[in-house]
Every structure is written in structure tokens, then in C-alpha cells.
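Q: Coordinates for the following, if possible.
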Amino acid sequence: MPLVANTNLPTFERLKQDGETILPADFALEQEIRELHIGLLNMMPDKALQATERQFFRLIGESNQIAQFYVHPFTLDELERSPEGKEHVENYYSTFDQIKEKGLDALIITGANVAEKDLSNETFWKPLGEVVEWAYENVTSTLFSCLATHAVLQYQYGQKRTALPAGKRWGVYSHGVKDQKHPLVAGVNTRFDVPHSRFNEVFREQFIEADLKILAESREAGVHLAVSQDGFRQVFFQGHPEYDEISLLKEYKREVGDFISGDLEQYPPFPENYFSLRNQAILDEYHAQILIARENGVEVPEFPEHLIIPNIDNTWHDTAEAVINNWIGKVYQLTNNLRRLPFMEHIDPKNPLDL
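A: Numbers count the residues shown, from 1 in each chain. So this is what the prediction gives:
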């Protein structure tokens, strides 16, 4: 079954307008189908808060059709919010205390914008650690996305991320599956695309040193998908399979805007393997128009987004959906066996997948 609109969160209506099937809460209550309750710790800044909701809600809603999905977004009080962001959180998000009281079957933790070189100096470091520790003891599986992966690798495994020498790594990269027998990649193509966007990386050797299992990696972009030693309790994404097809375009547009305003000294390079040759030509022409406008002291023309979007391909969503489908299916299987029983007593910590 699809997502259940268990609150008035605007994301449900937006997804419905995009063609997703959303069940009203009263209809869902009439169905004799198992519920799965999935938490979304959304640490993204205000500008990306609702887009991140939609991306992960969509992946969940398009996945395994064996349950009704109730998604419970929450965030951390320590993250800086605008008045509008605070209002959105207060109106539609749960508190961590409410999450702990009701419990979860699974949890997704998003990335975040950071200001400190060492993540342990961020204001969210301690409260994020509390969520991670609680989830490890009380939630069947937690999926960490990008910056959250970096934070947990440092917090639990002592593996600090490293700034990339060439600056930002962003684009769409090909990845190979390294363990085709693992249930998270069952039925997934042995080679698939994933978007990446980051300035820092946890390298392959660090995943191995932390005794984590690498399931998919890229020669150019490094490790994308890994799991904890037990095989399932912690799932790590270093890329962004949840991205919409225009997410990297929006990011590129923001950086072009920063160049125009003077906040960025160098004009941004193209995300790798993302824009077609036609789109690159259009954007090169726009770059030239910016320089001419600067030289002549006239207004910069509008970014040619309308010419770019029709020619952007999404080459990663099907695989992202398949991996999330496998993840939720395994959560369903494990929680179905463990429901109403103490969590830790019925799982072999070294091999929960054999439950």
C-alpha cells in the first residue's frame, strides 16, 4: 500500500499533485494491512527542507506494496531555522520525545549543511548521537544519507571524513555492485548510476577499517552503499539516490547565482556526467552573456532553466527505488517476526538477516 496522509503536512498534497497515490488517514484505518512506521530525521536547511521530505516520501511510497506507510518527520532543535522554517517544523513535525514514545520500525537520517571542519564541533553533534544510539537499540534499521553517513562514521567508528583535494565532487556516477547476494541489492542491476554532491569523503579504506560491508562503489566517486557488520541494522548512503532529476540543476543554478552576486569567485564547473552536450552549449552561452553583462554594466539575463529541464535524464531513480524497496521489505520481514517482542533479545547482533 502507498503512503498514508497521517498529518496535514503539505508534502502529501504536493506528492498527490505529482501523481503519487496518497491514502487519506480515515481510509487507511479501514484496511486490515500491516502498518510500518518510518521516521525521517530531516536535518536539511530550510531551503531544502520540504524538497527533502518529498524525495524520501516518494521513494518510500513507491516501494514495497505490502504495508501502509506512516512517515514521521522530526528534526533537531539545535539546527538554525528561519521563522518560516520553525513554523513548518512546529506545525507538521514530531518531537524526538514523541518519536521515542510511539516507536519506529525504521529510520532515515538526512544530511545537513555544516560550518565546522570537524563535525564534532557542530551544534547538532550531541543530539544526533543521542538519536543514533537510541535507534541502534530500538529501531530495526537506520538509513544514513550523505552527511549523516559521515557523522556516524566518525561518531561510532572513529573514521573522520577528508576534504577532497579537487574541491567539490558532484555529478552522476556509475557504480558497481560488490555483493550481489546481499538482500539490499537483490534484483538490482550490477551497474547503476547515483548522483553525488559533496566536498568531503570517507574513503574505501575507512569503511573497511570500520568493519563495514561495502555493497556498491564507483571508481570515480568512491563508496556509495555500505552496511554495518551485522548486515542490516545500519545502512549508509554516501551519494544522493533520492535526488530529483533537477536537483543538481538547482544546485548548479544556485552556484551560478553566487558567482553573479560575487559570493563565488570562480564560475562553477558543470556537474559531471549530467548535462547533455546541448545543455552544456546553452549554459556556456549563458556564461558568456553574464560576462558581457558585467562588462557593460547591464542586468544579467535570466538563467535558461526552461531550455535545460526538458533535456535532463534521470538514470538513477529506478535503482534507488529498488534498494529502498528491498530495505523496507526486509524491515517488514524482521519486524513481523519481532512485533511486540523485545527487540534485542531476538536478533543475533552479528547476523540479523538470518532471523
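
Q: give me the number of residues near Ser120?
A: 12 (other C-beta atoms under 10 Å). Every residue, glycine included, has its C-beta placed from N, CA and C.

Q: Just give the nearest non-adjacent residue to it, would you?
A: Nearest residue to Ser120, sequence neighbours excluded (C-beta to C-beta, 6 or more residues apart in numbering): Gln154, at 6.9 Å.

Q: Could you do Val235 as well?
A: Leu143 (4.4 Å).

Q: Buried residues in stretch 186-200, which are they?
A: Judged by neighbour count using 16 or more other C-beta atoms under 10 Å, the buried positions of stretch 186-200 are 188, 192-198, 200.

Q: what does stretch 317-332 give?
A: Buried residues in stretch 317-332 (16+ other C-beta under 10 Å): 317, 319-332.

Q: what's the answer for stretch 66-78, then?
A: 67-76.

Q: So which residues of this protein form helices?
A: 10-17, 25-29, 46-61, 83-92, 96-102, 125-138, 147-155, 204-209, 247-261, 277-296, 305-308, 317-338 (DSSP state H).

Q: For the shortest one, which outside residues touch it?
A: To tie it back to what came earlier, the one meant is helix 305-308. 249, 253, 275, 279, 282-283 (C-beta atoms under 8 Å, 6 or more residues apart in numbering).

Q: quick revisit: number of residues surrounding the residue nearest to Val235?
A: Leu143 has 25 nearby residues by other C-beta under 10 Å.

Q: Pro183 now?
A: Taking other C-beta under 10 Å as the criterion, the count of residues near Pro183 is 15.

Q: Quick check, it in contact with Ile328.
A: No: Pro183 lies out of contact with Ile328 (C-beta atoms under 8 Å); the separation is 11.4 Å.

Q: quick one: Lys250 and Tyr93, what's the gap?
A: Distance, Lys250 to Tyr93, using C-beta to C-beta, to the nearest Å: 23 Å.

Q: Could you check which of these two has the larger neighbour count?
A: Using other C-beta under 10 Å as the criterion, Lys250 and Tyr93 rank with Tyr93 on top: 21 against 15.

Q: that older thread, show me the residues around the residue nearest to Val235 that make contact.
A: 106-109, 235-237, 327.

Q: out of those, which are buried?
A: 106-109, 235-237, 327.

Q: which of those lies closest to Gln17?
A: Checking the buried ones among the contacts of Leu143 against Gln17 with C-beta to C-beta, the nearest one is Ile108 at 22.8 Å.

Q: and the residue nearest to Val235, what pLDDT?
A: Note for Leu143: predicted pLDDT of 98.

Q: for the one 4 residues further on, same thing?
A: In the prediction, the pLDDT value recorded for Leu147 is 96.

Q: please renumber so the chain begins at 7
A: With 7 as the first residue, the last one maps to Leu153.

Q: pretty sure it contacts Glu128?
A: No: judged on C-beta under 8 Å, Leu153 makes no contact with Glu128 at a distance of 9.7 Å.

Q: Overlap in contacts, these two.
A: Joint contacts of Leu153 and Glu128 (C-beta under 8 Å, 6+ apart) are 118, 120.

Q: Who has more neighbours out of the two?
A: When Leu153 and Glu128 are compared for neighbours, Leu153 comes out ahead with 23 against 19, by other C-beta under 10 Å.

Q: Would you mind measuring from the more buried one to Arg167?
A: For Leu153 relative to Arg167 (C-beta to C-beta), the value is 9 Å.

Q: now this structure, which segments are flagged as low pLDDT?
A: Residues of the chain that meet the criterion pLDDT under 70 lie in 7-9, 24-29, 31-39, 70-71, 343-361.

Q: Centre-most residue in it?
A: Note on the chain: the residue nearest the mean C-alpha position is Ser151, at 4.4 Å, using C-alpha atoms, centre = their mean.

Q: any idea how far Leu255 is from that one?
A: 20 Å.

Q: coming back round to it: for Lys174, find the nearest of the helices of the chain.
A: That would be helix 253-267 among those, by C-beta to C-beta, at 9.0 Å.

Q: and the angle from that closest one to helix 52-67?
A: On the basis of axes from the mean of the first three to the mean of the last three C-alpha atoms, to 10 degrees, helix 253-267 is oriented at 170 degrees to helix 52-67.

Q: what packs against helix 253-267?
A: Here helix 253-267 touches strand 175-183, strand 197-204, helix 283-302, helix 311-314, going by 3 or more C-beta pairs under 8 Å, 6 or more residues apart in numbering; DSSP states H and E.

Q: ranking those by burial, who's on top?
A: Using mean count of other C-beta atoms under 10 Å, the stretch among those with the greatest mean number of neighbours is strand 197-204 (a mean of 22).

Q: What is that one packed up against?
A: strand 175-183, strand 219-224, helix 253-267, helix 323-344.

Q: One more pass at 10 Å, please.
A: Applying 3 or more C-beta pairs under 10 Å, 6 or more residues apart in numbering; DSSP states H and E, one finds that strand 197-204 contacts helix 153-161, strand 175-183, strand 219-224, strand 228-233, helix 253-267, helix 323-344.

Q: May I have it as CSV, with CA atoms only?
A: The C-alpha trace of strand 197-204 is given here as CSV (Å, rounded to 0.1, in the frame of the first residue of the first chain):
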residue,chain,number,x,y,z
ARG,A,197,26.0,-1.4,-12.6
PHE,A,198,23.9,1.7,-11.9
ASP,A,199,24.0,5.5,-11.5
VAL,A,200,23.9,7.6,-8.4
PRO,A,201,24.2,11.4,-8.0
HIS,A,202,26.9,12.7,-5.6
SER,A,203,27.4,16.2,-4.3
ARG,A,204,29.9,16.9,-1.5
